[in-house]
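Visitor: Sequence below, structure please.
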Amino acid sequence: MEGSLTDKENFRRAQGAVFKRLLLDDYCFRILGIAPNDESFDWDIKRHKHAFFEFNYITEGVSHTSINGTDYTVAPAQFLFIPPGTFHSHRPGGHFEVGLRWDLNRERASHSSVSFVHSFARDLYSVLPGSYSDTDGLVLSLLTDLAKKSKAEAGILELQLLFFTLVMGIVNCCRGQLDRRGEGGAPDLPQNPQVNEAMQYIEERLSRPLAVAEIARHVNLSYSQLNRLFKKHNKKTMTAYISELRLSQAQHLLAGTQDSIAQIAESVGYPNENYFFNVFKSHFNTSPLKFRMSSRKFDE
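Guide: Prediction:
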C-alpha cells in the first residue's frame with residue numbers, strides 16, 4: 001500500500017470528512033486537507049504561515065523546506081511537522097509525499113478536571129516545528145490504515161476518528177524524539193498542582209481581565225511565589241502565557257469562525273478592537289483581517 005499512498009483515489013472517501021466537525025470533550029477537531037502529491041506538484045512555495053497544523057510524510061525522493069530560517073532535507077520515512085503560525089517555505093525536490101492539514105480548537109471551558117483531550121491538546125501544541133523520523137513505522141502504518149479504510153468506503157465518523165488517531169501517533173513520535181534530544185517542549189501533566197490550577201483558572205476566564213495577583217489568591221500563593229513556580233514549570237512568565245494563549249485562541253477564531261474582529265477581541269479578553277489590532281500586529285507582523293484572509297487559502 002505504501003507505494004500507492006500518493007494515489008489521490010485512495011483518499012477520495014476521506015476527502016468527504018474535510019471541514020466536518022468532530023467534537024471531543026470541550027474541543028472541536030477538523031480535518032482541513034488530505035493531499036497526496038507526486039513529483040509533478042509545483043513545490044516552489046514562498047515563505048508563509050497559516051493557522052492550522054501541516055504534516056508532510058515523504059515516501060520517495062527528498063523534499064527541501066525552510067522552517068523559521070532553518071533548512072531541512074527530508075528523506076523517505078521522515079516527515080515535517082509545522083504548527084500554526086510557523087513561517088516556512090518549500091523548494092522543488094521531485095519527491096512523493098502525503099500532506100495532511102488539521103486544527104484542534106477549544107470551544108468552551110469546562111470546570112471539570114483536565115480531560116484526556118485537554119492533555120493531548122497541550123502535547124500537540126508543545127511539539128516543535130521541524131523534521132522527524134518515523135523510526136518504528138507507526139506513522140506509516142496509521143497512514144496506510146487511513147488510506148485502506150478510505151478506499152473501502154468507511155463511514156465519515158470512522159475516518160475522522162482514524163485521522164485523529166493518526167495525529168496522536170504523529171505527536172507521540174515527535175515528543176519521543178524531542179524528549180531524547182532534551183527538547184521536550186511543554187511539561188507533561190501533572191506538574192505542580194498549583195501551577196496546573198492557575199493554568200486552568202486562566203483558560204476558564206480568558207475572556208475576562210486577568211491579574212496575576214487575582215490568580216495567586218485563587219491558588220493560595222503570594223504573587224512572587226506563583227510567578228516563580230509558573231516560570232520554573234512553563235519557562236515563561238504568567239503574563240507571557242496569558243498573552244500567548246489569547247493570541248493563539250484569536251488565531252483559531254479568525255481562521256475557523258465568521259465572528260467579527262471586535263467579537264473575537266472581546267471573547268479572548270482584549271478591552272477593545274484597536275488594542276487587539278495593535279497587539280496582534282506586533283506579535284504576528286500582520287493584521288487580524290489579513291491573517292484571516294491568508295488562513296483561508298488552503299491551496300498553498
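Visitor: Helices along the stretch 101-250 of the chain, start to end?
Guide: Here the stretch 101-250 of the chain has its helices, by DSSP state H, counting those that start in this stretch, at 116-126, 138-151, 156-181, 193-204, 212-218, 223-234, 238-256.
Visitor: Could you pull up the mean pLDDT of the last one?
Guide: Per-region confidence: helix 238-256 scores 82 on mean pLDDT.
Visitor: ok so, going back, T6: which of the helices of the stretch 101-250 of the chain is closest?
Guide: helix 138-151 (9.9 Å; Cβ to Cβ). To be clear about C-beta, it is placed using only N, CA and C from the backbone, and glycine gets the same treatment.
Visitor: burial count for the closest residue to V195 other than its chain neighbours?
Guide: Excluding its sequence neighbours, the residue lying closest to V195 (Cβ to Cβ, 6 or more residues apart in numbering) is H233, at 4.9 Å. Here the number of neighbours of H233 (other Cβ atoms under 10 Å) works out to 17.
Visitor: now do C28
Guide: 17.
Visitor: Equivalent analysis for R246, please.
Guide: Should you count by other Cβ under 10 Å, R246 turns out to have 22 residues around it.
Visitor: Any figure for the gap between it and I264?
Guide: 10 Å (Cβ to Cβ, to the nearest Å).
Visitor: Note down every partner strand of the helix or strand S66 falls within and its orientation.
Guide: With secondary structure defined by DSSP states H and E, S66 is part of strand 63-67. Sheet pairing here is set by DSSP bridges, and for strand 63-67 it gives strand 70-74 (antiparallel), strand 88-91 (antiparallel).
Visitor: So which bits of that strand are buried?
Guide: 63-65, 67 (16 or more other Cβ atoms under 10 Å).
Visitor: what does stretch 161-170 give?
Guide: 161-164, 166-167, 169-170.
Visitor: from those residues, which single one is nearest A35?
Guide: Using Cβ to Cβ, the buried residues of stretch 161-170 come closest to A35 at F163, 13.3 Å.
Visitor: Please tell me I have it right and that closest one contacts V98.
Guide: No. F163 is not in contact with V98 according to Cβ atoms under 8 Å; the separation is 12.0 Å.
Visitor: Make TSV out of the buried residues of strand 63-67 and add pLDDT.
Guide: Formatted as TSV, the buried residues of strand 63-67 follow (pLDDT from 0 to 100):
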residue	pLDDT
S63	89
H64	91
T65	92
I67	90
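Visitor: ok, back up a step: let me have the strands paired with strand 63-67 in TSV, extended by distance to R205.
Guide: TSV is the format used below for the strands paired with strand 63-67 (distance: least, Cβ to Cβ, whole Å):
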stretch	distance to R205
strand 70-74	37
strand 88-91	34
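Visitor: closest to L128 out of the ones you listed?
Guide: Per Cβ to Cβ, nearest to L128 of the strands paired with strand 63-67: strand 70-74, 10.8 Å.
Visitor: got the contact list for that closest one?
Guide: 56, 58, 62-66, 80, 130-131 (Cβ atoms under 8 Å, 6 or more residues apart in numbering).
Visitor: returning to what we had before: could the buried residues of stretch 161-170 be laid out in a markdown table, adding pLDDT and distance to V212?
Guide: Output for these, formatted as a markdown table (pLDDT from 0 to 100; distance: Cβ to Cβ, whole Å):
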| residue | pLDDT | distance to V212 |
| --- | --- | --- |
| L161 | 96 | 40 |
| L162 | 96 | 43 |
| F163 | 97 | 39 |
| F164 | 96 | 35 |
| L166 | 97 | 39 |
| V167 | 97 | 34 |
| G169 | 96 | 38 |
| I170 | 97 | 35 |
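Visitor: Out of the residues you listed, which is nearest to Y270?
Guide: Closest to Y270, out of all of the buried residues of stretch 161-170 and judged by Cβ to Cβ, is V167, at 30.2 Å.
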